[in-house]
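*Asks:* Please work out how this folds:
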Amino acid sequence: MNIKKLGLSWGTLWNPNFGAPAALLILYVANALFTPRFATFSNTLNMLLQVSTTMIVAVGMTFVIASRGIDLTVGSTMALVSIIVALLIKYGMAIALIAALGSALLIGILNSYLIARLKLEPLITTLAALIVWRGIAQVIGDGEIVPFAHPTFEALGKGYIGPIPIQVAIATVVIAAAFFCIRSTIFGRYIVAVGGNEQAARLAGIRAERVKSIVYIISALLAGLAGLIETARLAMGDPSKIGVNAEFDAIAAVVVGGTPFSGGRANVLGTVVGALIMQVISTSFNMLLIPFTWSLVLKSVIILFAVVLQRPREV
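*Replies:* The predicted structure follows:
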């Protein structure tokens, strides 16, 4: 079938309002048919539990990419938050949470200062910060896993509100708030305007530096929240493993969901669909006993495919 004769293009078919949800549906149905026990309630709930932190991080990444930036520090932020809260939880949950989220806020402020104020390249800046902050997390924890027992805090990653896991409820609230921000607030419009054309945004009176600073702070705080949830779920701080590949999964979800690297558009619901696609791939590969590295290969191909379809068309 020639899709051009129908007035369509591959880019149209991968429109996040159609293509990404259709791809998710196809993947789920195919696995339901060919992967044993994939479509069970327990496995679906387990996928939602596993993807909830990715969704939280990806929401922050959506804001950053929509402003034409990138944040590779999210995984390292999760690791730093994890080890800080694990070491300090014995002094009280309030102290541990304040210190952990304070460290995430510090990372966001430093990123925003270097990128928005000093105008350093976001990719290089956050790549360097990724290495620095995970290194600091490992130094603080002596490279060791730090277990703890604190039922109240652990409920953040293991508890339920009725039949709904707390971490899924938190992810839902974050997604709803981000969707409202992008669709219904002036700040959301500013993010899109700065990402679309920063110079034009400045001429329109938008303080581009402030907007970019805020999105990096939001990204860091959401990564910190995700780090808290992962730490609570595992009941231990692990600076070497928590947050590994989080930036990759978040970027994949954002781009596959329809927010282009070129900025100027933010699709929060598309990001959610993109995160679910990545999780279905990971879960199905795991259940079929296919090496995890092959799932990374497939995810990379999907990202490249989405980027190619989102590239500007010549006129």
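*Asks:* Neighbours of residue 43, how many?
*Replies:* Close neighbours of residue 43, defined as other Cβ atoms under 10 Å, add up to 15. Yep, even glycine has a C-beta here, placed from its N, CA and C like the rest.
*Asks:* before we move on, what about the one 10 residues further on?
*Replies:* Residues contacting residue 53 under the criterion other Cβ under 10 Å number 29.
*Asks:* now do residue 149
*Replies:* Using other Cβ under 10 Å, residue 149 has 10 neighbouring residues.
*Asks:* mind checking the SS state of it?
*Replies:* Counting by DSSP: H, G, I helix; E, B strand; the rest coil, the backbone at residue 149 sits in coil.
*Asks:* Okay, it and residue 169: tell me how far apart.
*Replies:* Counting by Cβ to Cβ, to the nearest Å, the gap from residue 149 to residue 169 is 24 Å.
*Asks:* what's the answer for residue 77, then?
*Replies:* The spacing between residue 77 and residue 169, counted by Cβ to Cβ, is 22 Å.
*Asks:* neighbour count winner among these two?
*Replies:* Legend: neighbour count by other Cβ under 10 Å for residue 77 and residue 169, higher for residue 77 (37 against 15).
*Asks:* which element follows the helix or strand harbouring that one toward the C-terminus?
*Replies:* Assessed by DSSP states H and E, residue 77 sits inside helix 74-88. Sequence-wise, the next helix or strand beyond helix 74-88 is helix 93-112, with elements assigned using DSSP H and E.
*Asks:* what's next to that following helix, contact-wise?
*Replies:* The contact list for helix 93-112 (Cβ atoms under 8 Å, 6 or more residues apart in numbering) reads 71, 73, 76-77, 80-82, 84-85, 88-89, 125-126, 129, 133, 150, 152-153, 212-214, 216-221, 223-225, 227-228.
*Asks:* Could I have the PyMOL command that selects the buried members from those?
*Replies:* A single PyMOL command selects the buried members of these (16 or more other Cβ atoms under 10 Å):
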select buried, resi 71+73+76+77+80+81+82+84+85+88+89+125+126+129+133+150+153+212+213+214+216+217+218+219+220+221+223+224+225+227+228
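*Asks:* residue ranges for the strands of the stretch 1-150 of the chain, please.
*Replies:* Residue ranges of the strands in the stretch 1-150 of the chain, as given by DSSP state E, counting those that start in this stretch, are 146-147.
*Asks:* So which elements touch the helix or strand hosting residue 214?
*Replies:* Here residue 214, judged by DSSP H and E, is contained in helix 208-234. In terms of contacts (3 or more Cβ pairs under 8 Å, 6 or more residues apart in numbering; DSSP states H and E), helix 208-234 is packed against helix 41-66, helix 74-88, helix 93-112, helix 151-158, helix 166-184, helix 186-196, helix 198-203.
*Asks:* Dump the ones you listed to TSV, plus distance to residue 279.
*Replies:* Output for the helices and strands packed on helix 208-234, formatted as TSV (distance: least, Cβ to Cβ, whole Å):
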stretch	distance to residue 279
helix 41-66	4
helix 74-88	17
helix 93-112	23
helix 151-158	17
helix 166-184	12
helix 186-196	26
helix 198-203	33
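*Asks:* so which of those is the most packed in?
*Replies:* Ranked by mean neighbour count under mean count of other Cβ atoms under 10 Å, the helices and strands packed on helix 208-234 are led by helix 74-88, which reaches a mean of 29.
*Asks:* what's the pLDDT at residue 201?
*Replies:* For residue 201, the model assigns a pLDDT of 95.
*Asks:* Mind pulling up the pLDDT for the residue lying closest to it once chain neighbours are set aside?
*Replies:* Counting by Cβ to Cβ, 6 or more residues apart in numbering, residue 201 lies nearest to residue 193, which is 4.3 Å off, once chain neighbours are set aside. pLDDT, residue 193: 96.
*Asks:* Surely residue 193 and residue 202 touch.
*Replies:* No: using Cβ atoms under 8 Å, residue 193 makes no contact with residue 202, being 9.7 Å away.
*Asks:* What's the separation between residue 136 and residue 84?
*Replies:* When residue 136 is compared with residue 84 (using Cβ to Cβ), they lie 10 Å apart.
*Asks:* same check, this time on residue 282
*Replies:* Separation of residue 282 from residue 84 (Cβ to Cβ): 28 Å.
*Asks:* Same question for residue 298.
*Replies:* Applying Cβ to Cβ, the value for residue 298 to residue 84 is 35 Å.
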